[in-house]
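Visitor: what would the 3D arrangement of this be:
(2 chains)
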Amino acid sequence: MSLLRTTALSKVYRTDTVETTALKAVEISIAQGEFLAIMGPSGCGKSTLLNIIGLLDSPSSGSYFVNGEDVSGYNERKRAEVRKNTIGFVFQSFNLIDELTVAENIELPLIYTGLGKSERKQRTEEAMRRMNIEHRAKHFPQQLSGGQQQRVAIARAVVNNPKLILADEPTGNLDSAMGEEVMNLMTELNKAGTTIIIVTHSLRDAGYAQRTIKLLDGKVVSGDVPASALL
Amino acid sequence: MFRNYLLIAWRTLKRDKLFAALNIIGLAMGVVACMLIYIYVQDELSFDAHHRKADRIYRIQAHYKFGDTQDDFGITPFPIMEALLEEYPDIESGVSLFQLGQTTLEYEGKPYLAEDGYNADTSFFRAFDFTFVKGDITALDEPDNIVIMKDMATRMFGAEEPIGKLVTRNGRTLKVAGVIDQKAENTHIPMGVFMSRLGLPPQAREQLAQSWGNNSCFNYLVLAPGVDEHAFQSKMDAFVTKYIIPAWGGEQFHGEIRFNLEPLREVHFNNDLIYDTPKKGNKAYVTLFAIVAVLILAIACINYINMSTADATRRAKEVALRKVSGAQRPQLVAQFIGGSVMIAVIGILVALGLLWFCLPAFNTITEKEIGMGYLLQGSFFAVVLLIVLLIGVVAGSYPAFFLSRFSPQLLLKEGVASGAGKGRVRKVLMGAQFAITLFMVVGTLAVFAQLHWLRNSDLGFRKEQLLSITMPQPRGEDTLAWDALRPLKQELMRESFVTGASFTQSLPGQSGGRWVLQVNTPEGRIDKPMPTLNVDADFPALLGIELAAGRYFDNAIPSDAQTAVVVNESAVKAFGWKDPLAEKIYIPGDAQATPPQPEQQLTVIGVVKDFHYASMHTPIEPLCIFQSSQRYGVQNLVLRLAPGDVGTQLANLQKRWSTLRPNDDWEATFLTDSIAQLYQAEDKLFRVFTAFAVLTILLTIMGLYGLAYFTAKQRTREIGIRRVMGAPLFDIVRRMNREFVVLLGLALLVAFPLAFYAIGRWLETFAYHTDISPVLYAVALLLTLFVTVATVSVQAYRAAVADPVKALRYE
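Guide: Here you go, the predicted model:
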């Protein structure tokens, strides 16, 4: 059964003088438990697609279904509700809050779910253990290496046990060793049942995925490329 | 969740301590200024508010109009109170209060001076509420009782029980029956000693009871509950017609007399009356200070909002992540406002600390005695709470509502939220701040200019080196004591440095007498109220007043003391006299007096050039000068001292005085000081305005510094690129300053016209004032421009000298 599905999804950015079509009638379907990579050159629309999938943005036309429900017309309030219950995000530049400790950064999504303090603490500690970062719980992001920061970001993404994790160039700011570490973590999460979608330039990172979708000029040019075919 | 918000707010403060300090201290300074002014305004408005019957007590004013001259008196004839009580059941009670001026009591042979003394009705302490530390409101019910003030009791009796102690005044024995804490309440009545009117000699009481035409005491009515003031006022005209007009000649009287009811709580602010209690408040200044308080608080809030807004753009990423994590807009708004309120609370706490520190200086400037206990009052806390909420909510709202409306991915893009931080709102706020600063600086300079002009203007006489000695005032019937005063002049002139001396009733600036006299004009004989002076023959030479015509009083001409009068040029002009030395002035008779008083005719023997015998708040009027008699005109002895060591001169004079008058206090003031006292209100205004103008400038500097700091950060990439392209340092500094200088230019278009209007209105309250030169405005602009450029340039220079490579890499 598909977790996510888009039909004729398009996104057009308009200013007073310029109209840019970022996505053109994109149709994809992602099953629960899949590990999908989205690839393409700069400007092909892959981050735009990821933002729409992650309900950070809304399409200009077309439909987007999550668990069979059409969410393409949702307002920001409803999108936030779906995000906090279903989706975790990992960014290229980590995007940790400098004023919060590692534990507090990881706890952040739980604050908006209405969980009690002890429950939040328990889940945070579990997430830190999973990412092997609990010894840095009281440190601030600027005291960590790039790889450690990304582990914190991943811990934050999974602390709510989301069904879907979206990662935009998760190894883009890391060296190859740390990047490999992060991708291994992603693989473990996927094996545990989490659906993962990554946007990447890296063939190596895409190789961790079960399937790769290629975008060019806002269109899906190849949507069913198995990982083995890429290497 | 809330803990998380406060945690971030606190750690944000710690991360950038300079910004936090600027924000909090700036806010604290503005709040302190606002609190101080609030305390001042509340204190001024509290005068006479504590009396339980305050809203039913009215003082009777007398309004007289003769031709084109009108006067309003704070005192009214003594007999009216008994008649009013008989005529109108609407009146619950009445109080008559005679002001005696300085009063000396003697105890165990030593004299003790009270600044004010009164004869008061037994109803006085029943109508007015004062805090008795000893005795009670029945203290004046016996004829020989006296009520004194707490500090006087301590001076006279130390720790001994004051009640029952016997003191003397002018040979009369009085018993202390009450002691009042004079500092417990604010009242328009200067506190002093109160003697019971029951103790007046029968002859004096009889004389007073007949003096319908003589304004002699303060009269207060306590209207019965439910009586409407306006309805009662309408009865006063009939009362005047029945009782007062007959004393003025009945149908022969062609002037106008009205008795007006003055609400008790307005008395403190009424400066327009003749013969009134001193040390008045000024409602216009109270209002002005309240406006200044609002302006300063506005500046502090503008600073806080601007810096909070600028800082908020740094938190765009945090907002984005919270939104990504599922935060709803109301939760984000609550976070920002909560953090802002927290900083406001810290600012308030710092303000309270600053307030404790500033209160003594504040009390010195405003001549009040307000303690920190005032802060425990409920109304003060309410105001503080309101300020905290206002600042916290308003300042937190803009970034809260602004940032929370962006979608997360836009917020994560660098520069989107910060680009909007160039926003119009911050510029408008900064412009408003500049306008307020310009207004305050121009206002302060204008007040200084007027004050300087007042202090240094030619008053028509030479005021330097003149020392005035307050003469003792014996009892009226003590002829020998009066005779003994005159030789004091010759005795003190024995000092080689005393080059001249003269007796005078009142000093220039003090309120002298004011009589209704009759003069001949081309239109016929008219009644004319005029200020009067009683002086001796040496007065004009001593003060350097020029004669315009005729002669001055001559001691060799005895009739001068009875029938001569000297007028000023304004009198000649006002009465249309062609040959003033041929004119007469008449003192109207009083047929109803006991014994009846005939009309007296006075011959004008001389005309002096106009001089300022009063403060420059009032115009020079036609003035009559009489030669001083045995009892009138010897209140002060004025000496001209040769230039020299003032300390030694005063010591010598005091020593000689102590030999001549061992039982009388030495009280001497330089005329320059007593004249300066006339402009105390303006002096206070200047000091307050200066303090607040300095504060405004400091706050503006803080705000500018913070804003420039963030502007520099915002433009790091641009500056880096320009530097790489070869832009000189000066170019970078100039560019950063341009934005603020343009705002300053726009601000002056608003501030200067407003300042011009306000200053013009203020100067109109003076009969004489300086012209405000455009240079004042130029100085204000240059000062503000200098402050702006200096402050912004510091940040601009720092940004300009930073390594451009690092700046570009950062981006």
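
Visitor: work out the gap between stretch B:194-207 and the centre of the chain.
Guide: Mean C-alpha position of stretch B:194-207 versus that of the full chain (Cα atoms, centre = their mean, to the nearest Å) differs by 35 Å.

Visitor: what does it rub up against?
Guide: B:96, B:98, B:117-122, B:124, B:139-148, B:169, B:172, B:174, B:208, B:594 (Cβ atoms under 8 Å, 6 or more residues apart in numbering or on different chains). The C-beta positions use only the backbone N, C-alpha and C, and glycine is treated the same way.

Visitor: list the buried ones in stretch B:8-27?
Guide: Counting neighbours by 16 or more other Cβ atoms under 10 Å in any protein chain shown, one finds that the buried residues in stretch B:8-27 are B:8-13, B:19-20, B:22-27.

Visitor: same check, this time on stretch A:76-93
Guide: A:76, A:79-80, A:82-84, A:86-93.

Visitor: tell me the SS of B:Y285?
Guide: Three-state assignment for B:Y285 (DSSP: H, G, I helix; E, B strand; the rest coil): helix.

Visitor: looking at it, it is touching B:L685, isn't it?
Guide: Yes: under the contact definition of Cβ atoms under 8 Å, B:Y285 touches B:L685, with a separation of 6.0 Å.

Visitor: ok, the closest residue to B:E161 other than its chain neighbours - contacts?
Guide: Closest residue to B:E161 in three dimensions, ignoring its sequence neighbours and counting by Cβ to Cβ, 6 or more residues apart in numbering or on different chains: B:K134, at 7.9 Å. Neighbouring residues of B:K134 by Cβ under 8 Å, 6+ apart: B:153, B:161-163, B:178-179.

Visitor: looking at these, which are in helices?
Guide: B:A153 (DSSP state H).

Visitor: from the contacts of B:K134, pick the one nearest A:A192.
Guide: Within those, the smallest distance to A:A192 is 88.8 Å, found for B:V179 (Cβ to Cβ).

Visitor: what number of residues lie near B:S506?
Guide: 20 (other Cβ atoms under 10 Å in any protein chain shown).

Visitor: ok, now the one 4 residues further on?
Guide: Using other Cβ under 10 Å, the number of residues around B:Q510 comes to 18.

Visitor: need the buried ones from the contacts of stretch B:194-207 selected in ChimeraX.
Guide: For the buried members of those, the matching ChimeraX selection, counting by 16+ other Cβ under 10 Å, is:
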select /B:96,98,117,118,119,120,121,122,124,139,140,145,146,147,148,169,174,208
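
Visitor: for the chain, which strand is longest?
Guide: Using chain A here. strand A:2-14 (DSSP state E).

Visitor: my question was about chain B, not that one.
Guide: strand B:91-107.

Visitor: from B:A120, how far off is the residue nearest to B:E161?
Guide: 17 Å (Cβ to Cβ, to the nearest Å).

Visitor: which single residue of chain A approaches chain B most closely?
Guide: Residue of chain A nearest chain B, by Cβ to the nearest Cβ: A:K84 (2.4 Å).
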